[in-house]
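**Q** Predicted model follows, preceded by the sequence.
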Amino acid sequence: MNGKDNIEEFLRSNKPQLKDDPTFLLETNRRLKQVEGIKAEVDRQRSNSRIALIVALAIGILLGATIVFIGYICPFDLNNLSDSAFAGVILFLTTWKEFFLILAAALSVSLSYILSRTRKAEF
Amino acid sequence: MTRERFIELIRTEQEPLRRFLLGLCSGNQSLADDIAQDALVRAYVASGSFLGLSKFSTWLYRIAYNCFIDHCRKATLDTLSSDSYEAQSVLSDDTTDNEFRYQQLYQALDRIPDKERAAIVLHYFEDHDIKEISSIMQIPTGTVKYLLSIGRNHLKEYLSI
């Protein structure tokens, strides 16, 4: 019998012996119950934030549609407001609209990337 | 997966899992059980992601092994060693041949690197084949064979077999 066989035989005939512990599964069950509570709370908060997001989206669409509608029924001439600060703001937004669109797109891509990373980290 | 179903699944798996961790922790049963509890909680949290591509036991062992690695990273090597030797000295109070053999074995296991110990414990104590060990430790089968070979040589040297 060579050295390899000796050590293999020694290891196979000396498997670690566990001390009997009837409380192990009870303790595991207790910990899992705690985890269940935390999971339920996280799910509840996630569901709340999803509802808040949907409500915010709906309000945004509704407000946008209302403003577009008001714009159609009560059109105003920018030239008449050329002296006011409001007209200045409107002109600024109109001039830089491409920049703002690119900025909004970059922000939403970054935000979705960050959110997807956060979700992965949770598990 | 419900908690009741999960408990049912681990009822048969918990004993080999704890024995595997006992070998990894060089005979320190309280530490092994702590890591086992941690692993089971992690497995329960991630149970939704278990797709059944491997056996449930293999998946559980993989989580337990990762928990052990995490524990080793957190704990300083000195603390781990002193813990395990404390456990061994408790075992060695009764000076029967068996107790002495286990004490020697645990001390030898404690001296070899974690990966070698994991491969040795899975193969010789838990009777897993090379492919399963490769899946649990997430390393190629060739590396498992290499770890088993050098692990055996190290143990032979430390146990004077």
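**A** Structure's in. What do you need?
**Q** Torsion angles phi and psi at B:I139?
**A** Phi and psi for B:I139, reported as degrees, to the nearest 10, are phi -140, psi 160.
**Q** Only the C-alpha atoms, please, for stretch B:23-31, written as PDB.
**A** The C-alpha trace of stretch B:23-31 is given here as PDB (Å, rounded to 0.1, in the frame of the first residue of the first chain):
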ATOM      1  CA  GLY B  23     -14.000  20.100   8.500                       C
ATOM      2  CA  LEU B  24     -13.400  23.600   6.900                       C
ATOM      3  CA  CYS B  25     -13.300  25.100  10.400                       C
ATOM      4  CA  SER B  26     -10.800  22.500  11.600                       C
ATOM      5  CA  GLY B  27     -13.100  21.100  14.200                       C
ATOM      6  CA  ASN B  28     -14.600  24.300  15.600                       C
ATOM      7  CA  GLN B  29     -18.200  23.300  15.800                       C
ATOM      8  CA  SER B  30     -19.700  26.500  17.100                       C
ATOM      9  CA  LEU B  31     -18.000  28.500  14.300                       C
END
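**Q** how many other residues sit next to the residue in chain A that chain B sits nearest to?
**A** Across chain A, no residue is closer to chain B than A:L11, which sits at 3.8 Å (C-beta to the nearest C-beta). Every residue, glycine included, has its C-beta placed from N, CA and C. Other residues near A:L11 come to 22 when the count uses other C-beta atoms under 10 Å in any protein chain shown.
**Q** One more: A:S47?
**A** The burial metric for A:S47, expressed as a neighbour count using other C-beta under 10 Å, is 10.
**Q** quick revisit: contact partners for the residue of chain A closest to chain B?
**A** Applying C-beta atoms under 8 Å, 6 or more residues apart in numbering or on different chains, we find A:L11 in contact with B:105, B:120, B:124-125, B:155.
**Q** That one sits in which helix or strand?
**A** Using DSSP states H and E, A:L11 maps to helix A:3-13.
**Q** so after that helix, what's the next helix or strand?
**A** Using DSSP H and E, the next helix or strand after helix A:3-13 towards the C-terminus is helix A:23-73.
**Q** packing partners for that following helix?
**A** In this structure, helix A:23-73 packs against helix B:3-24, helix B:29-45, with contacts taken as 3 or more C-beta pairs under 8 Å, 6 or more residues apart in numbering or on different chains; DSSP states H and E.
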